[in-house]
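> Need the 3D shape of this:
(one chain, ligands or ions: 2)
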Amino acid sequence: MQDAKERVIEVFDTTLRDGEQTPGISFTRSQKEAIARQLDKLGVDIIEAGFPISSKKDKEAVKSISDLGLSARICGLARLRTEDIDACIDCDVDMIHIFVPSSKIQREHTTGMSEDAVKEQTYAMTRYVKSHGFECMFSAMDATRTDLPFLLDLYRVAEEAGADIVNVPDTVGVAEPFGIYELVGAVYRTVKIPISIHCHNDFGLAVANTLAAVKAGASQVQVSVNSLGERAGNADLAETVMGLNAIYGLKTRIKTRYLFETAKLVERLSGVQIPVTQPIVGENAFSHESGIHAHGVIKRSDTFEPGIMTPEMVGHRRRIVLGTHTGRHSIEKKLAEVGMTPSREQVEEILERVKELSASGKKVTDDDLYSIAEVVTGEVSKYERAVVLKELSVMTGNNVIPTASLKAIVRNKECKSAQMGIGPVDAAIRAIQDVIRGEIGGDLKLKDFRIEAISGGSDALAEVIVGVERGDRLVTARGVREDIVLASVEAYINAVNRLMQE
Ligand code: KIV
Ligand code: ZN
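Numbers count the residues shown, from 1 in each chain. Ligands and ions are numbered 1, 2, ... in the order given. Modelled structure (predicted):
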């Protein structure tokens with residue numbers, strides 16, 4: 001490491017620019033604003049809000065993000081052209097990120113510019129940005145495939161022209177950590193201004209390369225939420241930040257407790273689902289199923305978790321998941337949480353049934369476990385349902401706002417609600433949440449919603465699994481119906497009823 005450990009690494013988020021270049025993603029302006037607000041809450045230093053010259057829509061979105069008055073600095077992207085830079089200026093950004101293809105292959109087949117022309121234009125456009133009083137970042141696009149002496153010369157030119165920071169993009173993701181360390185080290189010895197690093201994930205090395213660059217002297221990392229970005233995406237924000245914090249002992253200004261909720265927001269708005277095995281924010285990141293692991297974690301979490309990173313640090317939660325590999329300790333622990341203390345023989349019987357259910361291809365929910373345990377222990381009569389659905393109807397179609405009307409008995413009282421939603425399932429869940437809120441309270445949160453299976457043809461069974469949270473308790477439950485809306489409401493009610501169980 002070439003700098004003192006005390007240095008704070010800046011986080012430059014490009015979810016709204018490179019991230020939006022993910023094939024198939026196009027955020028609306030209000031979605032972009034919601035993401036920008038969340039990034040600000042998370043504590044990113046710079047938000048690259050878009051590429052204003054690329055479209056009217058992008059320009060308007062960048063301007064509206066600049067107008068939000070966030071603490072993060074807002075950055076706009078521009079080619080080495082005055083009209084691009086002017087578009088950024090029109091958006092009232094704080095920082096302008098200018099870039100130019102620098103590798104031979106990109107120069108010859110895109111801009112047709114010679115090395116000298118690239119240097120001249122870099123000088124002129126850096127001056128142009130600075131003469132308008134903006135912070136200027138200069139990127140030599142495809143730096144990792146650019147002839148090194150020319151690349152270093154180019155960064156020198158940008159520095160001489162007044163650039164505030166130079167960026168080293170691994171545009172096509174071909175770098176590896178040792179190479180990046182050498183390259184960034186060479187840039188570090190060439191210029192005195194700060195260095196940023198921008199890595200793509202074509203070989204799955206974006207985060208490793210980003211960390212290696214920091215080790216070589218980069219003081220800013222360019223990342224995106226859920227690693228959205230061109231092709232295989234950019235370096236993931238959560239992985240990079242936690243790698244810097246927990247492994248390298250370096251500071252950022254990120255409030256890591258918001259990492260999980262940020263990832264979930266971007267998942268919802270982008271429509272790109274987070275894989276269950278995704279580090280840090282994936283569903284399984286702190287989940288344990290196998291008997292040996294769960295037993296260890298129940299006793300002491302760092303037996304089978306990193307320890308230097310806990311679910312609390314990143315706003316996630318630890319889960320003991322039931323399945324074919326479950327052991328006795330998991331069953332005992334989960335039942336003890338709801339006040340059940342089956343005998344040793346009963347635990348063995350419950351375990352056997354849980355494994356059978358899992359082996360039949362079913363995901364075992366908490367509600368399944370409690371039902372099995374009630375049957376095995378004979379405690380079934382104690383369970384009274386706080387919520388019972390009586391009637392549900394939904395109206396949906398291409399010309400109406402989906403609306404659900406619902407009647408339910410909540411704690412022995414008949415309640416009704418009609419709600420609109422993004423789709424019929426959303427409307428129905430809002431309606432059941434509304435009646436429950438009135439009678440039970442508003443502290444129930446829907447944390448997971450998964451359509452697990454729809455089998456067969458158009459008359460097939462739909463299976464929905466939800467996770468509902470109240471305080472520090474989360475309960476999973478299932479709903480299975482021919483009708484996906486009913487299956488969803490049933491799963492929600494089943495989870496709520498379990499949470500309300502005394
Ligand atoms: O990948 C890349 O080179 C870029 C530049 C615009 C920095 O996204
Ligand atoms: Zn990029």
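> can we go C-alpha only for contacts and neighbour counts from here?
OK.
> any idea which element the residue in the stretch 201-350 of the chain positioned nearest to ligand 1 lies in?
Ligand 1 sits closest to Glu230 of the stretch 201-350 of the chain, with a gap of 7.7 Å, by Cα to the nearest ligand atom. Following DSSP states H and E, there is no helix or strand that holds Glu230.
> If you drop the residues flanking it in sequence, what lies closest to it?
Closest residue to Glu230 apart from its sequence neighbours, by Cα to Cα, 6 or more residues apart in numbering: Thr22 at 4.9 Å.
> near ligand 1, which residues of the protein show up?
18, 99, 139, 141-142, 169, 171 (Cα under 6 Å from any ligand atom).
> Identify the farthest-apart pair in these.
Maximum pairwise distance in these, criterion Cα to Cα, is 14.5 Å, between Asp18 and Asp142.
> what does the domain assignment say about the chain?
Annotated domains of the chain cover 10-270, 287-382, 387-499 [automatic domain parsing].
> Looking at those domains, spot the one closest to Val276.
Each of those has some distance to Val276 by Cα to Cα; the shortest is domain 287-382, at 10.0 Å.
> how about the helices of the stretch 401-502 of the chain, start to end?
424-439, 484-500 (DSSP state H, counting those that start in this stretch).
> winner for burial among those helices?
With neighbours taken as mean count of other Cα atoms under 10 Å, the helices of the stretch 401-502 of the chain reach their highest mean count in helix 484-500, at a mean of 24.
> Quick one: end-to-end length of stretch 105-119, please.
Start and end residues of stretch 105-119 are separated by 17 Å (Cα to Cα, to the nearest Å).
> Which positions in it come out as buried?
With burial defined by 16 or more other Cα atoms under 10 Å, the residues of stretch 105-119 counted as buried are 106-107, 113, 115, 118-119.
> Pipe those into a markdown table and attach pLDDT per row.
Shown next, in a markdown table, are these (pLDDT from 0 to 100):
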| residue | pLDDT |
| --- | --- |
| Gln106 | 97 |
| Arg107 | 97 |
| Met113 | 97 |
| Glu115 | 98 |
| Val118 | 98 |
| Lys119 | 98 |
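> In strands only, show me those.
The strands, defined by DSSP state E, take in nothing from the buried residues of stretch 105-119.
> Can I get those residues in JSON lines including distance to Val266?
Formatted as JSON lines, the buried residues of stretch 105-119 follow (distance: Cα to Cα, whole Å):
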{"residue": "Gln106", "distance to Val266": "32"}
{"residue": "Arg107", "distance to Val266": "34"}
{"residue": "Met113", "distance to Val266": "38"}
{"residue": "Glu115", "distance to Val266": "39"}
{"residue": "Val118", "distance to Val266": "36"}
{"residue": "Lys119", "distance to Val266": "38"}
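> closest to ligand 1 among those?
Minimum separation from ligand 1 among the buried residues of stretch 105-119 (Cα to the nearest ligand atom) is found for Gln106, which lies at 10.8 Å.
> How confident was the prediction at the residue nearest to that closest one when sequence neighbours are not counted?
Distance criterion Cα to Cα, 6+ apart; nearest residue to Gln106, sequence neighbours excluded, is Asp142 at 7.6 Å. pLDDT recorded at Asp142 is 98.
> got a list of contacts for stretch 303-323?
Contact with stretch 303-323 is made by 242, 246-247, 256-261, 280-281, 286-289, 293-294, 296-297, 301, 330, 334, 354-355, 358-359, 363-365, as judged by Cα atoms under 8 Å, 6 or more residues apart in numbering.
> Among the residues you listed, which are located in helices?
Among the contacts of stretch 303-323, DSSP state H puts 242, 259-261, 293-294, 296-297, 330, 334, 354-355, 358-359 in helices.
> If any of those residues are buried, put those into a PyMOL selection.
Per 16+ other Cα under 10 Å, the buried members of these correspond to this PyMOL selection:
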select buried, resi 242+259+260+261+293+294+296+297+330+334+354+355+358
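> follow-up on the earlier one: of the helices of the stretch 401-502 of the chain, which is nearest Thr377?
When those are ranked by proximity to Thr377 (Cα to Cα), helix 484-500 comes first, at 17.0 Å.
> quick one: Lys393 from Tyr492, how far?
Residue 393: Ser, not Lys. Look at Ser393 and Tyr492: by Cα to Cα, they are 16 Å apart.
> And for Cys199?
Distance of Cys199 to Tyr492, computed by Cα to Cα: 41 Å.
> count of residues packed around the closest residue to Thr171 other than its chain neighbours?
Among residues not flanking Thr171 along the chain, Asp142 sits closest, at 4.8 Å (Cα to Cα, 6+ apart). Neighbour count for Asp142, taken as other Cα atoms under 10 Å: 23.
> dump the residue contacts of Asp142.
Residues in contact with Asp142, defined by Cα under 8 Å, 6+ apart, are 101-103, 106, 169-172.
> ok so, going back, most neighbours among the residues of the chain next to ligand 1, which one?
That'd be Ser139 among the residues of the chain next to ligand 1, by other Cα under 10 Å, with 26 neighbours.
> can I assume that one is in contact with His97?
Yes: using Cα atoms under 8 Å, Ser139 makes contact with His97 at a distance of 7.3 Å.
> Distance of the residue nearest to Thr171 relative to Thr303?
Going from Asp142 to Thr303 by Cα to Cα gives 43 Å.
> what about Val466, distance to Lys447?
With Cα to Cα as the criterion, Val466 and Lys447 are 7 Å apart.
> Who has more neighbours out of the two?
It is Val466, of Val466 and Lys447, that has more neighbours when counted by other Cα under 10 Å, with 27 against 14.
> So that one sits against Leu446, correct?
Yes: with contact defined as Cα under 8 Å, Val466 counts as touching Leu446 (7.3 Å).
> quick one on the thing from earlier: would you agree the residue nearest to Glu230 is in contact with Gly233?
Yes: using Cα under 8 Å, Thr22 is in contact with Gly233, at 7.1 Å.
> The two: who's more crowded?
Counting neighbours by other Cα under 10 Å for Thr22 and for Gly233 shows that Gly233 has the greater number, 27 against 20.
> can you give me phi and psi for that one?
Note on Gly233: backbone dihedrals following degrees, to the nearest 10 are phi 90, psi -170.
> Show me the strands in the stretch 101-250 of the chain, by range?
With DSSP state E, counting those that start in this stretch as the criterion, the stretch 101-250 of the chain has strands at 135-141, 165-170, 195-199, 220-223.
> how about low-confidence regions in the stretch 251-400 of the chain?
With pLDDT under 70 as the threshold, the stretch 251-400 of the chain has low-confidence stretches at 380-383.
> Check the spacing between the residue in the chain positioned nearest to ligand 1 and Ala34 real quick.
Ranked by Cα to the nearest ligand atom, the top residue of the chain for proximity to ligand 1 is Thr171, at 3.7 Å. Taking Cα to Cα as the measure, Thr171 falls 28 Å from Ala34.
> Could you do Ala428 as well?
Using Cα to Cα, we find Ala428 at a distance of 24 Å from Ala34.
> cool, Val464 as well?
Going from Val464 to Ala34 by Cα to Cα gives 28 Å.
> The two: who's more crowded?
Under the neighbour definition other Cα under 10 Å, Val464 and Ala34 were set side by side, and Val464 has more, 25 against 16.
> Not counting sequence-adjacent ones, nearest residue to the more buried one?
In this structure, Val464 finds its nearest non-sequential neighbour in Ile451, 4.4 Å apart by Cα to Cα, 6+ apart.
> dump the residue contacts of Ser358.
Contact analysis of Ser358 by Cα under 8 Å, 6+ apart lists 322-324, 364.
> residue ranges of the strands in the stretch 351-500 of the chain, please?
Under the criterion DSSP E, counting those that start in this stretch, the stretch 351-500 of the chain contains strands at 387-395, 403-410, 413-420, 444-454, 462-470, 473-481.
> Please spell out which residues along the last one are buried.
Just to be clear, that refers to strand 473-481. Within strand 473-481, the residues scored as buried using 16+ other Cα under 10 Å are 474-481.
> Fine, thanks again, bye for now.
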